[in-house]
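Enquirer: need the 3D shape of this:
(3 chains)
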Amino acid sequence: MPNILLTQKCVRSCPYCFARKQMNENDGGDTLKWEDLVYLADMFAQGGCKEMRFLGGEPTLHPAFSDFVAYSLQRGFSVTVFTSGIMSDKVKAGLRRVYKTFPGADKDLSFLCNLNDPEVSPPEETKKVEEFLGEFGASVMPGFNIYRKDFSLDFLFRYIENYKLRRSIRLGITHPIFKENNSYISIPGMKEVTERIMGYVPRLIKEDVAPSLDCGFPLCHFDDAQLGLLYKASRGTGKFTCGSPVDIGPDMMAWACFPLSGIRRRSVYEFDSYREMMDYYRDLGRDIRKESAGIYEKCAACDWLKRGLCGGGCTAHILKEMDNSNRLGALNL
Amino acid sequence: MKSEMKYVFVIPFKKELVEKTRGFKVAVRAAEAGEIDRISASVSPKALHCIELVGESLAGVEIKKEWRKLPLVFRLEKAGPLLDIIPSLPGLSGSMARFYFPATRENITSARVLSSLMVKTGLLIGEETSEWEALEDLLAYDSCGKVAHSAVEPFLRVYTGYKSLHDGYDELYLDREGVFFHCDESGNVALSREALRKKDCIGSLDDLPGLDLDGRALAARVERRLPLAKFEGCAVCRAWRVCAVRKSEKDRPCPRKKFMTALLEAAEEVNRNADDNI
Amino acid sequence: MPTIIFKATERCNANCAYCDVVHKKLAPDMSMETLRAVFNRVNDYLSEKPEEQITLTWHGGEVLLLGAEYLRAAARLQDECCPATKKRVHHSIQSNLTLLNQELVDALLALGIRNVGTSYDPLDHVRGFGGGRDSDSYNKLFLKGVSLLEENGMGWGLIYVVTKRSLPYPAELFFHLTNMTRTLMINPVLVHGGNQDGLGITPEEYADFLGEMFKLWWPSRERYGMVRPFSEYHGYYSDSDASLICTRSGNCGHNHMYIGPQGQLSHCSSAADWGLIDYGNIGDTGIGEVFGRQKRKDWLDRSEVLMKGDCKDCRFWDICHGGCPMDSLAIHGDLSHKTNWCESTRLFLTRYFEPITGLRYEGRGRAL
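Expert: The predicted structure follows:
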């Protein structure tokens, strides 16, 4: 389902930020208009999509953030907000009203909070995050973006216990942004990252915290034993295929995902339906994969890829490799 | 129709004014929501054109269950924060009440949001209106939107009546001269809301025959048509039939023309789709 | 159902540029005696033909100049002279409406008239009062007249006469006129024996003018209602029930008649105003007799003659029937020729109607 960027403004400067290119190009000035939210709600409702996912920048910076959440809940959507957790008192007051107004909000409203290790974060940011977690923790699923191989997840266990967060961690791995020079984990580096994650799995199982892997992890980076443990740790979930989420900017431009934000951007208004939009960007992924099945040469012959169990790694890596070897012409990006 | 029922007296809620206008249709201006029950008990449903309330914002407006079938018309300055409105939504959207706002940029947006939440809204579109582009955008949403929503006035009026419409939509605002006669607390009668405000009265409810309602109605009908005496301006505009303003200036492009034409086209499209069962 | 064009007066308060009556030497108004004679003849006719109905179309001049009392007197005379047949007598009226007041409205209602035919031209000085044709005052009074009709729950239909002055403004005129009414007829100016004030138009000019209007009417015809001749043609092409205006019906010989202010009888208004036909006087000639006269037979034969002659093989015969017989009589002295307006019908249908609608006419009810 699509991610809706409410605003390009942000409160942090994360070194791994996928959205940096977007924000730099748009000077943070755009915020999603009410008219466009209504349009998206209608489009999603007609297309059978039942969830609104609000992103940014920092979505809580949108001047009508609480009203946007309330509107979406009132329209019958569940709402997930991807936030840093750093928000003003006014926004928190708005959220309190939302919970008061919608008795079902504890089920229908959730936050995916991408947390940074407090050891390497400015203290004032950490303080704000912890205030947010202290009040709304029950609705928060912690997330962590892996942008260096020597990452630590220890602080997340602490946060989950102290603030009663949802017992799950969304693990994202940073990917190259097409035609940009951002920090990301290289393909060889991903194997080390995988090993390090597996190092945490026993603790995850012991403390009943389910890992949720974001897109881009290739299946072959895990041996069968590791996959078995992951299956148990994640409570029977786990995907290794491309998410194809579709991102929609505050100016109603759509693109496949942040790493591919520079290509095949189209206005949402160009699509006649939700389905047409989702199919368009799904087909973009397929077009790329027709040229190169995955991040490894062996992906082309991989049975797991053919059976749909593995996506062959992140499309952004594939594009980078094709760009390096001058094979992008065939794609008509 | 009995000739008396052609006219509507717009009166504040006072027992003696209700009595004096017996036999006519009335639109009652309630000073506050507490009067609604008494108004509905005092005026028969057949005679009650509507109950009008004026207010600041939609926030805090509660529609009681027993009011849901009453023709309530609210004139509000703005909608207000959505979180303030949501608790009342079941009553608002489940009733016949319609909420009118001046056609400012903010209110045009609010009308769309409220419409998508099934609240009946309307916009006061008149000579002072300037947000034509935003209105056209709202019209596109209202007429082409594929997801159920509550139609916005005056668009709905035009969709349903455009074939026979010759006078525009101003009757929605209780402001059609010769049809609506506005009264003050003392029973003085004026031809319009604005005339009453200026105390420019034509007579009193104490002397109904002296008001010459038929004569006023005829004069108003003629006045509305007067631009058609010339071969210029509004008279040759294709959107004449839907426009309630009709005050284009000689040798100046009319700022309303594009929107009013779009409104007419939208009405046709809506009716065409209805005929085709789309 | 016979239609009698009934001119009780030729007086008019206006001075419309294209009017034939304005230029005539005017007869005095119909006297009560003659009016009584008319109703007696009507009663005779309807008594002989129990299945028939008659429409008396009050015409002028300007009918309302007769005054409310005259019209009320007509209603009384009808009651008196047609006690058993009055229910089969219908009245209609053509009026410029500039004199209408409530008294006259009540008098019209007493005659059973609930719809009024009228004419209007928004262009300055085509219709108006006095030598200067003050159209400003005229138009305002006209608007007051139609408003009064509507206040009384009556309907009205508008005839617009296309003149040379109209030709540059088809779109503006179309919007203006349809802003006023949903019952509109657009006719060419009929000029007999001279080109009044240079207002005459050619058949091609009329066809092109209609064509420009048709482009606006067709896509939004639901909105605009009945605009003749467009609605007529559409009816014929789509095989729905459509009646043709008298000039195209081909059967005016069966059912049209004229009675003038002095009781003079003729075929129709044009025939009388142009002095083309004289059937005698109502004082000594009955209605049935007029319809039975030899000259009527010429009308009935006209179709046969045209189908073998001027109109042979014309695929639009059903829609046109050779046009107004008076055009033939005025120019050729007989009825055996088609109208000079034939070309306008053909051009309009082939140049505009058929290409725009995608329909093609091959005869009654056979549009492809």
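Enquirer: what's the burial count for whatever residue of the stretch 151-300 of chain A ends up closest to chain C?
Expert: As assessed by CB to the nearest CB, chain C sits closest to residue A:272 within the stretch 151-300 of chain A, at 24.1 Å. Quick note: C-beta positions are derived from backbone N, CA and C, even for glycine. Neighbourhood size, residue A:272 [other CB atoms under 10 Å in any protein chain shown]: 10.
Enquirer: how about it, phi and psi?
Expert: With angles defined as degrees, to the nearest 10, residue A:272 sits at phi -80, psi -20.
Enquirer: quick check: pLDDT value at it.
Expert: Predicted confidence (pLDDT) for residue A:272: 93.
Enquirer: ok, now how distant is it from residue A:280?
Expert: Residue A:272 is 11 Å from residue A:280, where distance means CB to CB, to the nearest Å.
Enquirer: just residue B:48 next, same as before
Expert: The spacing between residue B:48 and residue A:280, counted by CB to CB, is 54 Å.
Enquirer: in which helix or strand does the closest residue to residue A:151 other than its chain neighbours reside?
Expert: Residue nearest to residue A:151 in three dimensions, not counting chain neighbours: residue A:196, with 6.8 Å by CB to CB, 6 or more residues apart in numbering or on different chains. Using DSSP states H and E, residue A:196 sits within helix A:187-206.
Enquirer: test my guess that residue B:130 contacts residue B:256.
Expert: No - counting by CB atoms under 8 Å, residue B:130 does not reach residue B:256; the two are 9.8 Å apart.
Enquirer: what residues are up against residue 146?
Expert: Here I'm looking at chain A. A:171, A:172, A:173, A:174, A:185, A:193 (CB atoms under 8 Å, 6 or more residues apart in numbering or on different chains).
Enquirer: let me rephrase: I mean chain B.
Expert: A:42, A:46.
Enquirer: so the residue nearest to residue C:30 when sequence neighbours are not counted versus residue C:259, what's the distance?
Expert: Closest residue in space to residue C:30, ignoring its immediate chain neighbours: residue C:8 at 4.1 Å, by CB to CB, 6+ apart. As judged by CB to CB, residue C:8 and residue C:259 stand 9 Å apart.
Enquirer: so these two - more neighbours on which side?
Expert: More crowded of residue C:8 and residue C:259, by other CB under 10 Å: residue C:259, with 29 against 25.
Enquirer: on that earlier part again, buried ones in the helix holding residue A:196?
Expert: Across helix A:187-206, burial judged by 16 or more other CB atoms under 10 Å in any protein chain shown covers A:187, A:190, A:191, A:193, A:194, A:197, A:198, A:200, A:201, A:204, A:205.
Enquirer: all strands for chain B, in order.
Expert: For chain B, the strands defined by DSSP state E cover B:8-12, B:25-30, B:48-57, B:72-78, B:98-102, B:121-124, B:180-183, B:188-190, B:201-204.
Enquirer: closest to residue A:92 out of those strands?
Expert: Checking the strands of chain B against residue A:92 by CB to CB gives strand B:48-57 as the closest, at 23.9 Å.
Enquirer: state the number of residues packed around the residue lying closest to residue A:244 once chain neighbours are set aside.
Expert: Counting by CB to CB, 6+ apart, residue A:244 lies nearest to residue A:282, which is 5.0 Å off, once chain neighbours are set aside. A count of nearby residues for residue A:282, using other CB under 10 Å, gives 14.
Enquirer: hang on, the earlier thing: and the strands of chain B as TSV, adding distance to residue A:258?
Expert: Listed next are these as TSV, based on distance: least, CB to CB, whole Å:
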stretch	distance to residue A:258
strand B:8-12	58
strand B:25-30	54
strand B:48-57	39
strand B:72-78	37
strand B:98-102	39
strand B:121-124	38
strand B:180-183	58
strand B:188-190	63
strand B:201-204	67
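Enquirer: adding distance to chain C, mean pLDDT and mean neighbour count, write the ones you listed out as a markdown table.
Expert: Shown next, in a markdown table, are the strands of chain B (distance: least, CB to the nearest CB, whole Å; pLDDT from 0 to 100; neighbours: other CB atoms under 10 Å in any protein chain shown):
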| stretch | distance to chain C | mean pLDDT | mean neighbour count |
| --- | --- | --- | --- |
| strand B:8-12 | 16 | 97 | 23 |
| strand B:25-30 | 17 | 96 | 22 |
| strand B:48-57 | 20 | 96 | 18 |
| strand B:72-78 | 26 | 97 | 20 |
| strand B:98-102 | 26 | 97 | 21 |
| strand B:121-124 | 23 | 97 | 23 |
| strand B:180-183 | 16 | 97 | 25 |
| strand B:188-190 | 19 | 97 | 21 |
| strand B:201-204 | 18 | 96 | 17 |
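Enquirer: out of the ones you listed, which gets nearest to residue A:12?
Expert: Here strand B:72-78 is closest among the strands of chain B (CB to CB), at 34.9 Å.
Enquirer: and that closest one, how far out from the chain middle?
Expert: Taking CA atoms, centre = their mean, to the nearest Å, the mean C-alpha location of strand B:72-78 is offset from the chain mean by 10 Å.
Enquirer: what lines up beside it in the sheet?
Expert: Partners of strand B:72-78 in the sheet, by DSSP bridges, are strand B:48-57 (parallel), strand B:98-102 (parallel).
Enquirer: could you export those strands as JSON lines, including distance to residue C:186?
Expert: Below are the strands paired with strand B:72-78 laid out as JSON lines (distance: least, CB to CB, whole Å):
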{"stretch": "strand B:48-57", "distance to residue C:186": "40"}
{"stretch": "strand B:98-102", "distance to residue C:186": "41"}
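Enquirer: show me what from the stretch 101-250 of chain A comes close to chain B.
Expert: residue A:101 (CB under 8 Å from any CB of the partner chain).
Enquirer: check contacts around the closest residue to chain A within the stretch 201-350 of chain C.
Expert: Nearest to chain A in the stretch 201-350 of chain C, going by CB to the nearest CB, is residue C:219, at a distance of 24.1 Å. Residues in contact with residue C:219 (CB under 8 Å, 6+ apart): none are found.
Enquirer: try it again with 10 Å
Expert: B:268, C:356 (CB atoms under 10 Å, 6 or more residues apart in numbering or on different chains).
Enquirer: any idea whether it is helix, strand or coil?
Expert: Three-state call for residue C:219 (DSSP: H, G, I helix; E, B strand; the rest coil): helix.
Enquirer: just checking, residue B:265 touches residue C:220?
Expert: Yes - using CB atoms under 10 Å, residue B:265 is in contact with residue C:220, at 8.5 Å.
Enquirer: so between the two, which is more surrounded?
Expert: residue B:265 (17 against 13).
Enquirer: still on that earlier bit, next secondary structure after the helix holding residue A:196?
Expert: Next element after helix A:187-206 (DSSP H and E): strand A:210-213.
Enquirer: are we agreed that residue C:173 is in a strand?
Expert: No - Residue C:173: not assigned to a strand; according to three-state DSSP it is helix.
Enquirer: thought it was touching residue C:227?
Expert: No - using CB under 10 Å, residue C:173 makes no contact with residue C:227, being 11.7 Å away.
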